[in-house]
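In: Quick one: sequence plus predicted model below, questions after.
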Amino acid sequence: MKALLLIGLSICATASPALAHRVIIDKEAMAACEEAAGDQRANRGAISRCDRALSWEVTTRGRDRVATFVNRGILHMVRNDMPGAMADFDAALALDPEEGEAWLGKAIGYSRSGDLASAKESASKAIAFGTDRPAMAYFIRGMAFESQGNLQAAHADLRMARQLAPKWADARMELARYETGNR
């Protein structure tokens, strides 16, 4: 991230004033997009900041570009725009097929749409590629295993989700069904 900032600063130093101003604005747009996704504030302004950040590649190359696609996908998901969300997660994965957060986003999207086989596959990839929210990935995969009748795998994944996020009510509640026999 610091290297990109230094590159941006060197571009600003040698570019025309208009170009320098554009670089700074787009870095700000990228940061605003990331913050909005983290807070799940999916208003039109937040998505337009993501759009602006992605519109000029000088500020969004490599990891930054991948992250901005994931962040915009999260915002589309919060707005219940699943086609937009999935398109952004796919765009991130086209740049980095091992992006755990994009795989998690796809797992959530598939789960919401009822495609639990695809949700399970995407959640497994999110886990394998090191998502920052593994409890969510294990939870989704556990619910998918349950829908397929693999109760042993479902219980193991729900137990892992509970272990990783002990205060998460959904994981605790679903796991309790197994421990009390109320599947």
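Out: Now that the structure is in, tell me what you want to look at. Numbers count the residues shown, from 1 in each chain.

In: how about low-confidence regions in this structure?
Out: Across the chain, the ranges flagged by pLDDT under 70 are 1-27, 39, 42-44, 56-61, 180-183.

In: Find the centremost residue of it, please.
Out: Nearest to the mean C-alpha position of the chain, counting by Cα atoms, centre = their mean, stands residue 101 at 3.9 Å.

In: I'd like to know how far it sits from residue 159.
Out: For residue 101, the distance to residue 159 equals 23 Å [Cβ to Cβ, to the nearest Å]. Heads up, the C-betas are built off the backbone N, CA and C, glycines and all.

In: before we move on, back to that, and for the residue nearest to the centre of the chain, nearest residue in space, chain neighbours not counted?
Out: Distances taken as Cβ to Cβ, 6 or more residues apart in numbering put residue 70 closest to residue 101, at 4.8 Å, once the chain neighbours are dropped.

In: Now do the same contact list for the one you found.
Out: Residue 70 makes contact with 37, 88-89, 92, 99, 101-102, 105, according to Cβ atoms under 8 Å, 6 or more residues apart in numbering.

In: how about 10 Å then?
Out: Residue 70 is in contact with 33-34, 37, 50, 85, 88-89, 91-93, 96, 99-105, counting by Cβ atoms under 10 Å, 6 or more residues apart in numbering.

In: Mind listing what's buried along whichever strand or helix holds residue 72?
Out: If you go by DSSP states H and E, residue 72 is part of helix 62-78. For helix 62-78, the neighbour count (16 or more other Cβ atoms under 10 Å) marks 64-78 as buried.

In: So which of those is the closest to residue 112?
Out: Closest approach between those and residue 112, by Cβ to Cβ: residue 77, at 8.1 Å.

In: Domain-wise, how is the protein divided?
Out: As assigned by automatic domain parsing, the chain contains the domains 1-96, 116-183.

In: now those domains in TSV, with distance to residue 109?
Out: Listed next are the domains of the chain as TSV, based on distance: least, Cβ to Cβ, whole Å:
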stretch	distance to residue 109
domain 1-96	5
domain 116-183	8
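
In: Let me know the angle separating whichever helix or strand residue 49 is part of from helix 62-78.
Out: If you go by DSSP H and E, residue 49 is part of helix 44-55. Here the directions of helix 44-55 and helix 62-78 differ by 150 degrees (axes from the mean of the first three to the mean of the last three Cα atoms, to 10 degrees).

In: Just the C-alphas of the helix holding residue 72, formatted as CSV.
Out: Output in CSV follows, covering the C-alpha atoms of helix 62-78 (Å, rounded to 0.1, in the frame of the first residue of the first chain):
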residue,chain,number,x,y,z
GLY,A,62,-3.1,-4.8,-8.4
ARG,A,63,-4.3,-5.5,-4.9
ASP,A,64,-6.1,-2.1,-4.7
ARG,A,65,-8.1,-2.8,-7.8
VAL,A,66,-9.1,-6.3,-6.6
ALA,A,67,-10.1,-4.9,-3.2
THR,A,68,-12.1,-2.1,-4.7
PHE,A,69,-14.1,-4.6,-6.8
VAL,A,70,-14.7,-6.7,-3.7
ASN,A,71,-15.8,-3.6,-1.7
ARG,A,72,-18.1,-2.5,-4.5
GLY,A,73,-19.5,-6.0,-4.6
ILE,A,74,-20.2,-5.9,-0.9
LEU,A,75,-22.1,-2.6,-1.4
HIS,A,76,-24.1,-4.1,-4.2
MET,A,77,-25.0,-7.0,-2.0
VAL,A,78,-26.1,-4.7,0.8
